[in-house]
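**Q** the following comprises the amino acid sequence and a computationally predicted model.
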Amino acid sequence: MRHAFAALALGLFSGAAAMAEQACRDDQVHLRGDWGQARFTVELADDEAERAQGLMHRESMPQGAGMLFVYDEARTVGFWMKNTLIPLDMIFLDATGTVARVHSNAVPGDLTPIMGGADIKAVLEINGGLAQRMGIAPGTQLRHPSFDAGRAAWGC
């Protein structure tokens, strides 16, 4: 069921060659793990104002969409759900683009800090519950131009 859902909703790719042919773009992330591969169309939040706004005040988000928060340097990061109307999964990534932690189904409006840990370079937010349904977990690799090709686990 997990694979069928991912293939239908997110365009899951069956072979590594198909994903390798996809060019790295600022508005897309590619993920791969033992569960398969997927692509999300993302908005990039790479400055303080964009990161502060995030996905606040949005009533919905397409299943194949998300927001990628990128920091200049890896750091300790925390998020909250102030003014956020939809449940989100927060996928915390280290400087290699490897998933370090997944926080599932963050509660809309909750002001409790959600900490990603130390040495986080980026955070991918997607619709709540989707990471678990797909199998995205620590160790999954994300590909995006924001990650230094010399350090990336799956470079562009």
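**A** Alright, I've got the coordinates. Numbers count the residues shown, from 1 in each chain.
**Q** where in this structure is pLDDT low?
**A** Within the chain, the stretches with pLDDT under 70 are 1-22.
**Q** break down the protein into its strands, ranges please.
**A** Assigned by DSSP state E, the strands in the chain fall at 28-33, 36-45, 65-79, 88-93, 99-106, 114-127, 141-143.
**Q** hmm, who's touching the last one?
**A** What it means is strand 141-143. For strand 141-143, contacts defined as Cβ atoms under 8 Å, 6 or more residues apart in numbering pick out 24, 29-33, 91, 93, 96-99, 122, 124, 152-156. From N, CA and C alone the C-beta is placed, and that goes for glycine too.
**Q** buried only: go through those for me.
**A** 24, 29-33, 91, 93, 96-99, 122, 124, 152-156 (16 or more other Cβ atoms under 10 Å).
**Q** so which of the strands of the chain is the most surrounded?
**A** Of all these, strand 88-93 carries the top mean neighbour count, a mean of 26, counting by mean count of other Cβ atoms under 10 Å.
**Q** show me what it is packed up against.
**A** Applying 3 or more Cβ pairs under 8 Å, 6 or more residues apart in numbering; DSSP states H and E, we find strand 88-93 packed against strand 99-106, strand 114-127, helix 130-134.
**Q** now do that strand and strand 28-33, the angle between them.
**A** Put simply, strand 88-93 runs at 80 degrees to strand 28-33, going by axes from the mean of the first three to the mean of the last three Cα atoms, to 10 degrees.
**Q** list the neighbouring strands of strand 88-93 plus their orientation.
**A** Strands that pair with strand 88-93, judged by DSSP bridges, come out as strand 99-106 (antiparallel), strand 114-127 (antiparallel).
**Q** if you drop the residues flanking it in sequence, what lies closest to Ile126?
**A** Leaving out its chain neighbours, the residue that sits closest to Ile126 by Cβ to Cβ, 6 or more residues apart in numbering is Gly66, at 4.2 Å.
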